[in-house]
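S.K.: For reference, the sequence and a predicted model appear below.
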Amino acid sequence: MKILFFILFFSSTNVFAHKIVQDSIKLSSHTPHKAAFWSLIIPGAGQIYNQYYSPTARYGAYFKVPIIYASLVLTGNLFLNSIQSENEIRTEYNNRDIGNALNLKWSNYTQSDLITLHESAVRKRTMYGLLFGGIYLIQVIEASVDAHFLHFDISPSISMHILPIYYFQTAGIQLNFDLK
């Protein structure tokens, strides 16, 4: 009888312990760090990762990926065009110093105009480069924040009401928080 008791006791604790470990692994498999990591490696991958782990498929995060890629392609294209323009202006300025033939595109500009255009192209290159980096960083942060709120409780038992009040001839605002 004692042997049967020990067998039942240890087998039941192993079964319950296995369930707890399995649940904890399931909860820790989706983390904001992984979403940020995937979004850092491949733009938009963090958003797709969050959609895959969404408990109720509450919304489609797939619409964000084309927006991310369109904005990255647009700012990247502007950045590369400003680099090309800067190089063309610098080449024209140097060719004029050496005495080589002028490019017809820049023939209406003087040397001082070329310097001004070059400075403008450098500012645009810097601005577009920062904009590209900012968009890339924003999509990484968005994936991480979205992963934080993926399992957030939005049940109707949690609510806030803003009500106007009139108290002793003074108007005001009253906030009511209902936590059930």
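M.R.: Yep, it's here. Residues are numbered from 1 along each chain as shown.
S.K.: From here on, just use CA atoms for contacts and neighbour counts.
M.R.: OK.
S.K.: For residue 148, which non-adjacent residue is spatially closest?
M.R.: Sequence neighbours aside, residue 32 is the residue nearest to residue 148 in space, at 5.8 Å (criterion: Cα to Cα, 6 or more residues apart in numbering).
S.K.: go on, residue 83?
M.R.: Leaving aside its chain neighbours, residue 83 sits nearest to residue 125 (6.2 Å; criterion: Cα to Cα, 6+ apart).
S.K.: tell me the SS of the one you found?
M.R.: Secondary structure assignment for residue 125 (DSSP: H, G, I helix; E, B strand; the rest coil): helix.
S.K.: Mind jotting down where the strands sit in the protein?
M.R.: Taking DSSP state E, the strands of the chain run over residues 158-167, 170-179.
S.K.: which residues in the chain form helices?
M.R.: 2-28, 32-41, 45-52, 64-98, 111-148 (DSSP state H).
S.K.: Can you lay out those as CSV showing mean pLDDT?
M.R.: Listed next are the helices of the chain as CSV, based on pLDDT from 0 to 100:
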stretch, mean pLDDT
helix 2-28, 47
helix 32-41, 91
helix 45-52, 84
helix 64-98, 93
helix 111-148, 94
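S.K.: Buried deepest among the ones you listed, which one?
M.R.: helix 45-52 (a mean of 22; mean count of other Cα atoms under 10 Å).
S.K.: Which elements pack onto it?
M.R.: Under the contact definition 3 or more Cα pairs under 8 Å, 6 or more residues apart in numbering; DSSP states H and E, helix 45-52 sits against helix 32-41, helix 64-98, helix 111-148.
S.K.: Those helices: which one's closest to residue 173?
M.R.: helix 111-148 (31.0 Å; Cα to Cα).
S.K.: now the angle from the closest one to helix 32-41?
M.R.: Taking axes from the mean of the first three to the mean of the last three Cα atoms, to 10 degrees, helix 111-148 and helix 32-41 form an angle of 150 degrees between their directions.
S.K.: Right, I'll leave it there.
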